[in-house]
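Enquirer: give the three-dimensional model of this entry:
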Amino acid sequence: MTSSQRVRFGYWTPIFGGWLRNVDDEHTPASFSHIAEIARAAEEGGFDLTLIPELNLNDIKGVEAPSLDAWAVTAALAAVTSSLELMTAVRPGFHNPFHTAKQAATIDEISGGRFTLNVVSAWWAEEAKQYEGLFSAHDDRYARTIEWVEVLRGLWSQTPFAYEGEYYRTEGTYTEPKPQVQPRLYAGGESEAGRTAITRFADAYLTHGGTLDELETKVADMRRRRSEAGATPRSRRSAWRPTRSFATPRTRRRPRSIASRTCAGERRTGRTRTS
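Expert: Residues are numbered from 1 along each chain as shown. The predicted model follows:
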């Protein structure tokens, strides 16, 4: 197996404390000390990356249950880890690209270039209602995401940056510092509008697991779209679903794996550096 085909392992950071839907009390607190303990154990065990999901409401244990803020957790993890790629979910309907560009550059500085983004165009109407996020019509959300990404990358690479679009405008915004390593953008989607948009803006396609045949069909479709659009073929990656809880000394449980596989993944050194 060549380095470009190396299987990479990742896990979902438990911002809820745990992820099991069929266990009421996992004895896994929703605390940063618990999350940091897991991250350090993951690094020692050889894990490559973690996805920090952005959910202001707990969609597993119920909306009354705790859920930590993804971006605050990511910044804290950046300071206490040394090798994990930190992939944070971000939704354009909750974040304007100007503040996001600044936050991302700051976390990139703290992490030493280990920060990446999972761009989620929309998720959960009830959460958007409670937190005053945008939950626009299906195709419109992807049009917004495309502009959002254009602004984000422009702010990371140009000073000052000017933009005139349907959703975002600026006559000249200064964003310093620039990221040491321009964060890779992951995105996933199954609809025609989603896949078309992802072809345009994402560096890597993120998908839930499935059979090898199902994944190969998805990958082939996205590579075809990318080729027809005249873009560089993207790396093949798959998302992960947590299956078991991590064991730590605090929980006193038997160690159990929660990782899943990526397909022909690249190392972090494959990301685009800013000039």
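
Enquirer: all helices of this structure, in order?
Expert: Using DSSP state H, the helices found in the chain span residues 32-45, 70-80, 97-111, 125-130, 138-157, 192-201, 212-228.

Enquirer: out of the ones you listed, which is closest to residue 59?
Expert: Residue 59 lies closest to helix 125-130 among the helices of the chain, at 7.9 Å (C-beta to C-beta). C-betas here are computed from N, CA, C, even on glycine.

Enquirer: and the closest one, which residues are buried?
Expert: Residues of helix 125-130 classed as buried under the neighbour-count rule (16 or more other C-beta atoms under 10 Å) are 127, 128.

Enquirer: the residue lying closest to residue 31 once chain neighbours are set aside - how many residues pack around it?
Expert: Nearest-residue entry for residue 31: residue 17, 7.3 Å, with adjacent residues in sequence omitted and distances by C-beta to C-beta, 6 or more residues apart in numbering. Neighbouring residues of residue 17 were enumerated by other C-beta atoms under 10 Å; the total is 22.

Enquirer: backbone dihedrals for residue 17, please?
Expert: phi 100, psi -50 (degrees, to the nearest 10).

Enquirer: just checking, it touches residue 28?
Expert: Yes. A contact is recorded between residue 17 and residue 28 when judged using C-beta atoms under 8 Å, the distance being 4.5 Å.

Enquirer: mind listing what residue 105 touches?
Expert: Contacts were defined as C-beta atoms under 8 Å, 6 or more residues apart in numbering; by that measure residue 105 touches 156, 175, 176, 177, 178, 179.

Enquirer: just put the residues you listed in JSON lines and tack on pLDDT, distance to residue 48 and neighbour count.
Expert: Rendered in JSON lines, the data for the contacts of residue 105 read as follows (pLDDT from 0 to 100; distance: C-beta to C-beta, whole Å; neighbours: other C-beta atoms under 10 Å):
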{"residue": "156", "pLDDT": "97", "distance to residue 48": "23", "neighbour count": "20"}
{"residue": "175", "pLDDT": "96", "distance to residue 48": "29", "neighbour count": "21"}
{"residue": "176", "pLDDT": "96", "distance to residue 48": "30", "neighbour count": "8"}
{"residue": "177", "pLDDT": "95", "distance to residue 48": "26", "neighbour count": "11"}
{"residue": "178", "pLDDT": "97", "distance to residue 48": "25", "neighbour count": "18"}
{"residue": "179", "pLDDT": "96", "distance to residue 48": "20", "neighbour count": "23"}
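
Enquirer: sweet, I'm off.
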